[in-house]
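Visitor: Next come a sequence and a model predicted from it.
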Amino acid sequence: MHCIYNQCSNRAMPDIALQRIHRTRLLQIWRSVGWPCRDTVEIDLLAAGMLRLVPEPGGHEVLRLTDAGIACLAQARQRNARALSAHDRLAMRFAEQLLSAGRIVWRELSLRAAVEALPPPVPAPLPPLAPGRGAALSGLWDGEDADDGACLPPPAVARVWRMARPDLFSIRHTSVPAYLQPMVHEVKASRADLLSDLRHAAKREAYQWLCEECYYVFPAGIADPSEIPEPFGVWVLHGPIETGRFELLRPARHARCPLPFAVWMALCRATPLHSEGEPAQALLGEEGQVPDTVVPAHVPAWAPAVAPSAAS
């Protein structure tokens, strides 16, 4: 999606097509103190009239959004809200509930999970043995050693790696690894989507390998809890997606599961969801107070302000 400046402001400025990176920078500056980066992205935003440089009492400049910049962010937000499907809106609504419960939430991660391989085909029956050899070799065919009759060890369970993309993956916000309690929540907005997911046993096994508890989340009336496999918990939504109420119909079976190292690496590369109700960063210090230090121009726009006490 593009945001043309003339659609956001009536001032006579050149037409500049704003890309996603421009809107991301606008949002970062809106949520920060506004230290400039002095890069080409800010040049575009300043030329389009989305930003303005404001001199501070300390002699440095900060960036502030203009009315056109605020209007452009609002328009982009409305377009994104209309483009979201029922599945996306339901997932984001339940993610807000997880965030409010103090969990760290990721959406649509690509994770590797180890699942059991399909059993090998049953071999064809062997032809009958010649007379006189059956007694000597019978133990070998029965899974026993012919010399001492000891039972051979069972073959190891073969496992294969499978890519899993849970709708919501979350852990507790804790400093104790044993209390992380990783969870997977699969969101289904329609009965057809739910039944299609239930037909894939390997997919469910991958979710269980990644977490300690796994849940299905869907609107009330789509399915009965008895249709969901027993190890999985069930959350249902009563009412509209935006204003409805979630109810836990069945808790998931809890199974201790240390978070695999590969999952940790995936979490490090991904960005967790951010709650819309979380307050934005506030200025550190009194209004109009002159900072003790001059911040270099290369400090990113989203860097936090420096408290006066920290500079001393």
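Guide: Sure, I can see it.

Visitor: What ranges does this protein have for its strands?
Guide: 3-4, 17-18, 51-55, 61-65, 103-107, 111-116, 159-164, 168-172, 183-187, 213-219, 233-238, 245-250 (DSSP state E).

Visitor: Asn80: which of those strands is closest?
Guide: When these are compared by Cβ to Cβ, strand 3-4 sits nearest Asn80, at 11.8 Å. Glycine gets a C-beta too; all of them are placed from N, C-alpha and C.

Visitor: mean pLDDT lowest for which of the strands of the chain?
Guide: If you rank the strands of the chain by mean pLDDT, strand 3-4 sits at the bottom with a mean of 52.

Visitor: Quick one: neighbours of Pro219, just the number.
Guide: Residues lying near Pro219 (other Cβ atoms under 10 Å) number 19.

Visitor: er, Glu247 I mean
Guide: The number of residues packed near Glu247 is 11, by other Cβ under 10 Å.

Visitor: where does this structure dip in pLDDT?
Guide: 1-14, 82-83, 117-159, 276-312 (pLDDT under 70).

Visitor: Where do the domain boundaries of it fall?
Guide: Following automatic domain parsing, one gets these domains for the chain: 1-83, 85-117+158-269.

Visitor: Mind jotting down where the helices sit in the stretch 151-300 of the chain?
Guide: 191-198, 201-210, 261-269 (DSSP state H, counting those that start in this stretch).

Visitor: Which one, of the domains of the chain, ends up nearest to Ser275?
Guide: domain 85-117+158-269 (4.4 Å).

Visitor: okay, the domains of the chain in JSON lines with distance to Ser275 next?
Guide: Shown next, in JSON lines, are the domains of the chain (distance: least, Cβ to Cβ, whole Å):
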{"stretch": "domain 1-83", "distance to Ser275": "13"}
{"stretch": "domain 85-117+158-269", "distance to Ser275": "4"}
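
Visitor: pretty sure Ala48 is touching Ala17, no?
Guide: No: look at Ala48 against Ala17 with Cβ atoms under 8 Å: they stay out of range, at 9.3 Å.

Visitor: With neighbour numbers in mind, choose between these two.
Guide: A direct count of neighbours by other Cβ under 10 Å for Ala48 and Ala17 places Ala48 higher, at 26 against 11.

Visitor: count of neighbours near Leu180?
Guide: Neighbours of Leu180 (other Cβ under 10 Å): 20.

Visitor: I'd like to know how far the residue lying closest to it once chain neighbours are set aside sits from Leu51.
Guide: Of all residues not flanking Leu180 in the chain, Ile171 sits nearest, at 4.6 Å (Cβ to Cβ, 6 or more residues apart in numbering). Distance, Ile171 to Leu51, by Cβ to Cβ, to the nearest Å: 37 Å.

Visitor: With that, I have no additional questions.
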